[in-house]
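**Student:** need the 3D shape of this:
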Amino acid sequence: MTQMLGFGQPFGGVMQTAFVVEDIRASIAHFQRDCGAGPFFLLDHFLSPEQFYRGAPSTADVTIAMGFAGHMQIELIQPLDGNPSVYRETIEQRGYGFHHFGIACADVEADLSAYTARGYDLAFKAAVPTGGSVAYLEGGDVSAPGFLELIPATPGMDAHFTAMWLASLGWDGADPIRPFI
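**Tutor:** You can find the predicted model right below:
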């Protein structure tokens with residue numbers, strides 16, 4: 001039997017679709033108005049001290065907002081500086097828009113090894129407040145539209161994201177932007 005997260009997504013499956021955006025508040029408004037997503041939880045600055053871009057320490061700072069449309073988490077990412085990052089790289093290569101699919105992993109390090117054995121390359125890694133580290137991958141045997149993010153399905157992540165999902169159930173549009181919980 002597949003292990004499920006509290007918000008109804010299975011481990012190993014896509015649980016998140018992410019976009020790099022120019023204006024996070026305008027993008028939140030779009031996803032709420034036109035896609036029925038929300039509320040969104042905003043983290044004004046994410047600059048992990050343990051962040052690595054293409055093997056070197058990274059100092060890129062971003063604003064992140066997360067909300068749900070059904071069981072799918074939508075992540076919006078706005079770079080706050082010009083420092084090298086997977087986000088700046090995407091903007092320079094393709095412009096703003098789709099960035100990555102997020103996959104919930106019971107063991108990011110084991111899954112990272114399996115993906116690299118299949119031809120994927122590690123582009124970015126960063127510690128996250130809910131425990132563990134995320135890893136962004138590219139490559140593999142097909143031309144993907146963006147990165148894959150391996151997300152550690154820790155108890156902290158599950159509780160945090162499930163609380164966001166629960167806030168979306170029956171959401172009436174009130175308090176559309178909330179602090180990252």
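
**Student:** nearest residue to Met164 other than its sequence neighbours?
**Tutor:** Phe41 (5.5 Å; C-beta to C-beta, 6 or more residues apart in numbering). Every C-beta, even on glycine, is put in place using the N, C-alpha and C of the backbone.

**Student:** average model confidence for the helix or strand that that neighbour is a member of?
**Tutor:** Taking DSSP states H and E as the criterion, Phe41 maps to strand 40-46. What strand 40-46 shows for mean pLDDT is 95.

**Student:** hang on, the earlier thing: the residue nearest to Met164: what's it in contact with?
**Tutor:** Each residue near Phe41 by C-beta atoms under 8 Å, 6 or more residues apart in numbering is listed here: 65-67, 164, 167, 178-181.

**Student:** follow-up on the earlier one: next SSE downstream of the strand holding Phe41?
**Tutor:** strand 51-53.

**Student:** could I get the full set of helices for the protein?
**Tutor:** Under the criterion DSSP state H, the chain carries helices at the ranges 24-35, 86-94, 108-117, 155-168.

**Student:** flag every buried residue along the shortest one.
**Tutor:** Same thing as helix 86-94. In terms of neighbour count (16 or more other C-beta atoms under 10 Å), helix 86-94 has its buried residues at 86-91.
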